[in-house]
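Trainee: my questions are about this predicted structure, shown below with the sequence.
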Amino acid sequence: MIKTGILGMGNMGEAILKALLDSGFDKKAIFGAEAKSSRAEFIKTTYGVNCSQKPEEIAGKADYIIVAVKPQDSKTLLRAIAPALTDKKVLISIMAGITTSSILSTVGKPVKVVRAMPNICVKVGEGAIGLAPNQMVDAGEVEEVKKMLVPLGKIIDVNEDLMDAVTALGGSGPAFFLLFLEAMIDGGVKLGIPRDKATVLSTQVIKGTLRMLEVEGIHPVLLKEMITSPGGTTIAGLASLDEGALKGRLIRAIEEACKRSKELSA
């Protein structure tokens, strides 16, 4: 039986725990570690798993160790669990901006590391997760990691040098999209639609469009062309957006987020 430890039971740690349990993992083979005693007790009571305040104990028991603490707490935690790490264990880091080389430097020895970059949507099983293992992790171990994370959303294999880009597009992307959605709702309100109805209309437009892309399996540009009639309402609106350089500004926003991610990981 593969044993999994989750170090840090905040929002992401709890989301991973819930996904593992919902997908059939034996709760006896899952261990949690959380520094805050009240939070540790909550996890233990709510999910029925062992939750300790000593991460080094959990690292010693687990075959796969998921590190879900805040990046600023990484060095303290990694130094604490370093003695328990062996060449048979796999360390899965979801810490934004903490590189594999930084992890190895802190631990002070060769370790199997898989970096995973999930976004907030993992809380509802629709996350976008970038995955980058180091060379010590074999194919079977990568598959085990994917088996743990796939209930959280879609996994995209990338080289580690693209993790900052994944952070920008996948991690920050929901905020960019929500700003656009907010503007759609406000646009409806400006035209006289009550806010609650404008919200339902706008969110359904998004849901329906995404569903069409999935079902029809077509490129977004082709779907856009299907909606855009010559001389119609859609092309009038699109022309206005092009005047404001919306597409270029959005691309620039993603580039700026990537740049900031690189700065934070330096």
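Mentor: Received it, and whenever you're ready, just let me know what you need.
Trainee: alpha carbons only for contacts and neighbour counts from here, please
Mentor: OK.
Trainee: secondary structure class for the residue lying farthest from the centre of the chain?
Mentor: Computed with C-alpha atoms, centre = their mean, the residue of the chain farthest from its C-alpha average is Gly231, at 41.1 Å. Under DSSP: H, G, I helix; E, B strand; the rest coil, the three-state class of Gly231 is coil.
Trainee: and for the one 10 residues further on?
Mentor: Assigned by three-state DSSP, the conformation of Leu241 is helix.
Trainee: point to the residue nearest the middle of this protein.
Mentor: In the chain, the residue lying closest to the centroid (C-alpha atoms, centre = their mean) is Pro118, at 1.3 Å.
Trainee: ok, that residue - contacts?
Mentor: Going by C-alpha atoms under 8 Å, 6 or more residues apart in numbering, Pro118 touches Ile94, Gly127, Ala128, Ile129, Gly130, Gly170, Gly171.
Trainee: quick check: the residue lying closest to Lys70 once chain neighbours are set aside vs Leu223, distance?
Mentor: Excluding the flanking residues, the one nearest Lys70 by C-alpha to C-alpha, 6 or more residues apart in numbering is Met95, at 6.4 Å. Applying C-alpha to C-alpha, to the nearest Å, the value for Met95 to Leu223 is 36 Å.
Trainee: which of these two has more neighbours?
Mentor: Met95 (20 against 15; other C-alpha atoms under 10 Å).
Trainee: isn't the more buried one up against Lys75?
Mentor: No. Assessed by C-alpha atoms under 8 Å, Met95 is found out of contact with Lys75, at 11.3 Å.
Trainee: where exactly do the strands run in the stretch 1-150 of the chain?
Mentor: Secondary structure of the stretch 1-150 of the chain (DSSP state E, counting those that start in this stretch): strands at 4-7, 30-33, 50-52, 64-67, 90-93, 112-117, 127-133.
Trainee: is it possible to export those strands to a markdown table including distance to Leu181 and mean neighbour count?
Mentor: What follows is the strands of the stretch 1-150 of the chain, written out as a markdown table (distance: least, C-alpha to C-alpha, whole Å; neighbours: other C-alpha atoms under 10 Å):
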| stretch | distance to Leu181 | mean neighbour count |
| --- | --- | --- |
| strand 4-7 | 34 | 27 |
| strand 30-33 | 37 | 26 |
| strand 50-52 | 39 | 23 |
| strand 64-67 | 33 | 26 |
| strand 90-93 | 32 | 24 |
| strand 112-117 | 24 | 25 |
| strand 127-133 | 18 | 25 |
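Trainee: out of the ones you listed, which gets nearest to Asp242?
Mentor: Comparing the strands of the stretch 1-150 of the chain against Asp242 with C-alpha to C-alpha, the closest turns out to be strand 127-133 (28.3 Å).
Trainee: and the closest one, which strands flank it?
Mentor: strand 112-117 (antiparallel), strand 153-157 (parallel) (DSSP bridges).
Trainee: can these go into a markdown table with extra columns for distance to Lys88 and mean pLDDT?
Mentor: Shown next, in a markdown table, are those (distance: least, C-alpha to C-alpha, whole Å; pLDDT from 0 to 100):
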| stretch | distance to Lys88 | mean pLDDT |
| --- | --- | --- |
| strand 112-117 | 8 | 96 |
| strand 153-157 | 22 | 95 |
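Trainee: now render those as CSV, adding distance to Ile251.
Mentor: Output for those, formatted as CSV (distance: least, C-alpha to C-alpha, whole Å):
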stretch, distance to Ile251
strand 112-117, 20
strand 153-157, 20
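Trainee: Leu191: which of the ones you listed is closest?
Mentor: Nearest to Leu191 among those is strand 153-157 (36.5 Å), distances taken as C-alpha to C-alpha.
Trainee: could you list the residues in contact with the helix or strand following the closest one?
Mentor: Sequence order places helix 163-166 as the next helix or strand after strand 153-157, per DSSP states H and E. Residues from elsewhere that reach helix 163-166 (C-alpha under 8 Å, 6+ apart): Gly97, Met117, Gly130, Ala132, Glu255, Cys258, Lys259, Ser261, Lys262.
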